[in-house]
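J.: Please find the sequence and the predicted model below.
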Amino acid sequence: MSSNQYENIQEDLKKFFSDWESFSKDDNYLSDPHLKAMATDIVKLYEDSNTLLKNPKLKEDAELAIYMLSTPWGAPFVADATLIEAAKSCLDESVEPLKHLLKDFSSYSDAFDNQLYCIFQDIQDDLNKD
């Protein structure tokens, strides 16, 4: 993997973790400017994960990241949009899909903190090994 790809995905993950932590601790984070920033970070993480598909060592991590961002949530709640769809909508049309999805995540934070945060932490750990 080129050092640029490595730096991009590392930065994306740092921003995701920072956004997630801010959102988890502060209800005001669901305001428009914060949501737009988080949406930008989610889209960038998705795009940069797609570039990792070409790296045999990190292909599995890339596929997992893409899966987590592009698969609808079905338990413990049914989501109307995936994270990537909600993020793109937030940037192009309305913040409401991302806001609604994050509120649902907040309602079930124990389950999602373990799924999203831990999976992205594992990916970051794999990147640090490379």
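T.: Yes, it's here. Residues are numbered from 1 along each chain as shown.

J.: From here on, just use CA atoms for contacts and neighbour counts.
T.: Will do.

J.: and the longest helix seen in the chain, what does it pack onto?
T.: If you go by DSSP state H, the chain has its longest helix at helix 3-25. Applying 3 or more C-alpha pairs under 8 Å, 6 or more residues apart in numbering; DSSP states H and E, one finds that helix 3-25 makes contact with helix 32-52, helix 118-129.

J.: can you tell which of those is closest to residue 59?
T.: helix 32-52 (6.0 Å; C-alpha to C-alpha).

J.: Quick one: name whatever helix or strand follows that closest one.
T.: helix 59-70 (DSSP states H and E).

J.: Between helix 59-70 and the next helix or strand after that next one, find me the angle.
T.: Counting by DSSP H and E, the next helix or strand C-terminal to helix 59-70 is helix 83-92. Relative orientation of helix 83-92 and helix 59-70, computed by axes from the mean of the first three to the mean of the last three C-alpha atoms, to 10 degrees: 60 degrees.

J.: Show me what helix 83-92 is packed up against.
T.: If you count contacts as 3+ C-alpha pairs under 8 Å, 6+ apart, helix 83-92 packs onto helix 32-52, helix 59-70, helix 96-107.

J.: Turn the ones you listed into CSV, columns for mean pLDDT and distance to residue 86.
T.: Shown next, in CSV, are the helices and strands packed on helix 83-92 (pLDDT from 0 to 100; distance: least, C-alpha to C-alpha, whole Å):
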stretch, mean pLDDT, distance to residue 86
helix 32-52, 91, 8
helix 59-70, 90, 10
helix 96-107, 84, 5
